[in-house]
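>>> 3D model of this:
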Amino acid sequence: MSESLGVVLIVIGGFMQGSYYLGLKWTRPWKWENIWLTYALFALVILPIIMAVVTVPQFGSALSQAPSGALAKVFLYGAGWGIGSVLSGLGVDRVGLAMGVSILIGIAAALGALIPLIVNTPDLVFKPKGLMVILSVVVLLVGVALVGVAGKKRDASRAADSQAGQKGSFTVGLLICIFSGIFSCMLNLAFSFSKPVAQAAALAGASAGGAQNFVWMVALVGGFIANLVYTSFLLRRNRTWKNFTMPKSGRVALLGFFMGLLWYAGVVFYGRGAGFMGELGTVAGWPIFMATMIIFSTLWGFLTGEWKGSSAQAKWYMLAGLIVLIAASGISGWANKM
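Take a look at the predicted model:
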C-alpha cells in the first residue's frame with residue numbers, strides 16, 4: 001500500500017513540475033531573466049525556508065547539529081543542480097517545452113538513478129535488481145536520441161521558425177539541454193546522499209516529512225546561487241531591472257510565484273513518494289518522476305502549438321521517443337519490486 005501511495009505522490013509531483021514551465025510563455029512585458037529570478041526566489045529560497053522553519057521544531061538546533069561536511073555536500077549538489085536549472089530555462093526557450101524538457105529529463109533521469117545505485121547499494125549492481133535499473137538507463141538514452149531526431153525533423157518541416165518559446169539555433173538549444181540534464185541529476189544526488197542532514201533534523205523534533213523539507217532547503221538555497229548570478233548578469237547587461245516596475249508587472253510577478261509554488265510542491269511530493277518506496281526509492285522513483293514530467297510537458301507543448309506545422313514524421317519520432325522514455329521508467333519501477 002505504501003509503495004503504491006509513493007508512486008501516486010511521485011506522479012502528482014511530476015505533473016506539477018511538468019507544468020510550471022508554462023509560465024515562460026506569458027511573461028510580457030518582462031524578459032526571461034525577470035521571470036526566472038522571480039520564480040527562483042520563490043521556489044528555491046522563500047518557500048523552502050518557510051517549510052523547513054515550520055516543520056522542524058528546533059530549526060536552529062538542526063542547523064548547528066548537522067555535520068558540516070554533510071551540509072556542504074548537500075549544498076554543493078544543490079549548487080550544481082542550480083547550474084542545470086539555469087540551463088534548462090535557456091534550453092527550453094530555444095527548442096520548446098516538449099522537446100527541451102524531454103531531453104534534459106531523460107539524461108537527468110538516467111544519471112540520477114544510476115549514481116545512487118552504484119554509491120549507496122553497490123552490492124545490487126550486478127544482481128537482477130541492479131541490472132534492471134541499468135537496463136532502464138540504456139533504454140532512457142535511446143529515448144533521448146529519438147526525441148533529438150524528432151526535434152531536427154520538426155525544425156526542418158516547420159512553416160515558421162519564430163514561434164514563441166522557440167528561439168535560436170536548435171543545435172545550441174540541444175547542447176544546452178544535454179548539459180542541463182547532466183547537472184540536473186544532482187538534485188536527486190543531494191536527496192540520495194543527505195542521510196546525516198535528515199537525521200539532524202529528526203533529532204531536532206522533525207517528522208520524516210519535516211526532515212525532508214530541511215534537506216530540500218539546504219540543497220535548494222545552494223541551487224539559487226547559480227540562478228541569482230546568471231539572472232543578475234542578464235538584468236545588468238540587458239538593462240532589464242527596470243522591467244520590474246513596468247505596468248502589469250504585478251500580474252507577471254504573481255505568475256512567477258505560481259511557477260515557484262508548482263515547482264517546489266512537485267519536489268516535495270517526489271520526496272514523500274520516494275520515502276514510501278523504500279531503500280531504492282530515489283533510484284526507482286526518480287525515473288518515474290521524470291517520465292511523468294515528460295508526459296505532461298509534452299501534452300502542454302502540443303496544446304500550446306509548439307508542434308504546429310511539423311511533419312507527421314517528426315511527430316511520430318517524438319511519440320516513439322516518449323514511449324521509450326516511459327517504458328524505461330516502467331522498467332525502473334519494476335526493478336524496485338524485485
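
>>> which intervals of the stretch 151-300 of the chain have sub-threshold pLDDT?
Across the stretch 151-300 of the chain, the ranges flagged by pLDDT under 70 are 155, 157-169.

>>> And Gly305, how far from Lys25?
Distance, Gly305 to Lys25, using C-beta to C-beta, to the nearest Å: 10 Å. Where C-beta positions appear, they are placed from N, C-alpha and C, glycine not excepted.

>>> Would you map the strands across this protein?
For the chain, applying DSSP state E gives no strands.

>>> Can you tell me what sits against stretch 33-46?
Defining contact as C-beta atoms under 8 Å, 6 or more residues apart in numbering, one finds that stretch 33-46 is touched by 20, 23-24, 27, 82, 85-86, 89, 220-221, 223-224, 227-228, 230-232, 234-235, 238, 240, 243-244, 252-253, 255-257, 259-261, 263-264.

>>> Run the chain-centre distance for it.
15 Å (C-alpha atoms, centre = their mean, to the nearest Å).

>>> Just the CA trace of that stretch, in PDB.
This file holds the C-alpha atoms of stretch 33-46, laid out as PDB (Å, rounded to 0.1, in the frame of the first residue of the first chain):
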ATOM      1  CA  GLU A  33      15.700  37.000 -16.700                       C
ATOM      2  CA  ASN A  34      12.900  38.800 -14.900                       C
ATOM      3  CA  ILE A  35      10.500  35.900 -14.600                       C
ATOM      4  CA  TRP A  36      13.300  33.400 -13.900                       C
ATOM      5  CA  LEU A  37      14.700  35.300 -11.000                       C
ATOM      6  CA  THR A  38      11.200  35.800  -9.600                       C
ATOM      7  CA  TYR A  39      10.400  32.100 -10.000                       C
ATOM      8  CA  ALA A  40      13.800  31.000  -8.500                       C
ATOM      9  CA  LEU A  41      13.400  33.300  -5.500                       C
ATOM     10  CA  PHE A  42      10.100  31.700  -4.500                       C
ATOM     11  CA  ALA A  43      10.900  28.100  -5.500                       C
ATOM     12  CA  LEU A  44      14.400  27.900  -4.100                       C
ATOM     13  CA  VAL A  45      14.600  30.300  -1.200                       C
ATOM     14  CA  ILE A  46      11.300  31.700   0.200                       C
END
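
>>> For burial, what's the neighbour tally of the closest residue to Val11 other than its chain neighbours?
The shortest distance from Val11 to any non-neighbouring residue, by C-beta to C-beta, 6 or more residues apart in numbering, is to Thr292 (4.9 Å). Neighbours of Thr292 under the rule other C-beta atoms under 10 Å: 25.
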